[in-house]
Structure formats: structure tokens, C-alpha cells
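# Prediction below, plus the sequence it came from.
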Amino acid sequence: MSWASKLVKPYRIEDGSKFRLKDFDPGDTGEIHSKEQAEQLLTQGIAAMAELQGKLYAQDLWGVLLIFQAMDAAGKDGAIKHVMSGVNPQGCEVHSFKTPSTEEMNHDYLWRTMQRLPERGRIGIFNRSYYEEVLVVRVHPDLLKNSRIPPSLLTKDIWKERFQDIHSFERYLWRNGIITRKFFLNLSKKEQKRRFLDRLDHPDKNWKFSSADVRERECWDDYMKAYEDMICHTASAHAPWYVVPADNKWFTRVAVAAAIVETLEDLNLAYPEVSAPERKQLRAARARLEGKKQA
């Protein structure tokens, strides 16, 4: 087992039938006991990721989709920024999904994310995703009423049905070479409060603060129930969840990096082999460049 797999194994959920959020400590740091140790591993992870991404791009067979979900101030943006810092921008795209537009509301809820799925050979990152439809929409039922879905379809089974649809969608992606990995950055309510106050105390961070974040915080318990139910019903071997402790950003980032490295390693990536005729063409090209005549 590689260092990456060993680090993230405790946080990887493939079967959600026994998952309980209370069993996962937001302050856990595994066997990493210092920020310095985490930074060393992160550097190692970024280097490994850069090499593997080069092979992913050259092989041009698999696509990788990384989904980040979390409460406000959990560190999604920072994790994406730091972990993906060594990846070639040509092989990676980040998409943030905000409140749906009028056009998006006129389509099914998977439509807008389907437009942004990664191509083969590339890594796609969703900062929030179609999972908002079983999180914020579930916590705020009025959003569901305004979703333009025929009333006869808004039954008591709608969340169960959406879980089934999402599970089938992610299985479809897997069967077509798009590997999905999902991250729930598990932040404690206490640490969220500290980060909100920090944003208020420092003028250069005021722009990050929104009064809407405080209103959503009042629904904390409802969100935790929604997250738990979501992971219980959508974790699978082909699209697992990583419930990553988020109270210490330095651990969050190295855990995310390790999960991505593990994912890419499992694909057994390699640069494409050059055939005999292609090698002959390469020799001819070298000869022309060096001004030599071919025998």
C-alpha cells in the first residue's frame, strides 16, 4: 500500500450503509502530528500528481472528476488552490457552481454539470456540484417548490429517487472512463465560527464574509443530517466519498492530495508506446534535423 493510500484509507467511504458522521472527527490528523510534516508530504504529493497527470494527458483514455462539497469556510477554495498548484493548467479545469440561472432552471438538475465534465486525459474539479440538489435544496424546501418540476413528481420519495439517479449517473461515468472522486470537507461548527470571526476581524478578509453564511449556519443540524444521508446513499466503490477532516487546513490539503495520487496510481497510467513504424519515422526526423542522409 502506497503512502497515499495508507493516509486516506480511514476517510474513504465505499459502502455508506453503516456510515455515521459522528464517527468522523473534524480535528483528526491521522498519523501526521505537525504542519511541517504535512507540508513535506504535500510537496511529495504534488510532485507525484504532476508526473501522473502528464501520463493521464498523454494516454488520453481516462478522465478524472473531483467533486468538493462542504459547509461555508471549510476551505474548498484553498484546498483546490494548494493541492493543484503543480498540475499543468492545460490538463485541469475548475468549475464553481453558484445559484442556478434561468437557463439552468429550465433543464434537469444534472444538465449544467454535464456540460462541464472533464475530457479524456484531463482532471475536472467541481467546487460544489449536483449534490447541492440533495443538500441546500433539501434544507430549504421552498427551493424545490420553485424548481419547475411537475408537482406530481414532488413526492415524499424524491430524495431517495435523486440518490438513485446520482448513483446511476456516476456508474455511467465510470463505465465510460470518467473516474469520480468526492470530497466532503468535514468542518466542526466551532471551527467555522472561529473562521467567520477571523474574516470579520481582518479587513483583507472582509470580502469573504457574507451574512448569508451566518443564516445558513443556523441550519447546521439540518445540513449535517443531509450530508450524512447523502454519503450513506451515494458512496460506492466506483465513486467513493472521502470524509476529510477540515479543522486543520494543513491536514485537509495533504489528505486531498493523497486521495488524488491514490486515484491516479490505481489507473496504472503509462506514456503511450511508440510502434516500430513510428520509431522509424522518428529516426528519419532526427536524420533530417541533423542534416544526415538516410541509408
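Happy to help now that I have it. Since the model is a prediction, treat every value here as computed from it, not as a measurement. Numbering: from 1, shown residues only.
# Can you get me a residue count around the residue lying closest to residue 28 once chain neighbours are set aside?
Closest residue to residue 28 apart from its sequence neighbours, by C-beta to C-beta, 6 or more residues apart in numbering: residue 245 at 4.3 Å. Where you see a C-beta, it was placed from the backbone N, CA and C, and this is true even at glycine. Look at residue 245: counted by other C-beta atoms under 10 Å, it has 21 neighbours.
# contacting residues for residue 245?
Residue 245 sits next to 11, 24-29, 186, 251-252, 255 when contact means C-beta atoms under 8 Å, 6 or more residues apart in numbering.
# Could you do residue 55 as well?
By C-beta under 8 Å, 6+ apart, the residues touching residue 55 are 269-271.
# and it, how far is that from residue 264?
8 Å (C-beta to C-beta, to the nearest Å).
# on that earlier part again, dihedrals phi and psi, the residue nearest to residue 28?
phi -60, psi 130 (degrees, to the nearest 10).
# in the sheet, who's paired with it?
Beta-bridge partners for residue 245, by DSSP bridges, are residue 186.
# if we can go back for a sec, and the contacts of residue 245, which are buried?
11, 24, 26, 28-29, 186, 251-252, 255 (16 or more other C-beta atoms under 10 Å).
# From those residues, which land in strands?
residue 186 (DSSP state E).
# okay if I get the buried ones among the contacts of residue 245 as a markdown table plus pLDDT and distance to residue 93?
Formatted as a markdown table, the buried ones among the contacts of residue 245 follow (pLDDT from 0 to 100; distance: C-beta to C-beta, whole Å):
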| residue | pLDDT | distance to residue 93 |
| --- | --- | --- |
| 11 | 98 | 25 |
| 24 | 98 | 30 |
| 26 | 98 | 29 |
| 28 | 98 | 31 |
| 29 | 97 | 31 |
| 186 | 98 | 26 |
| 251 | 98 | 26 |
| 252 | 98 | 22 |
| 255 | 97 | 22 |
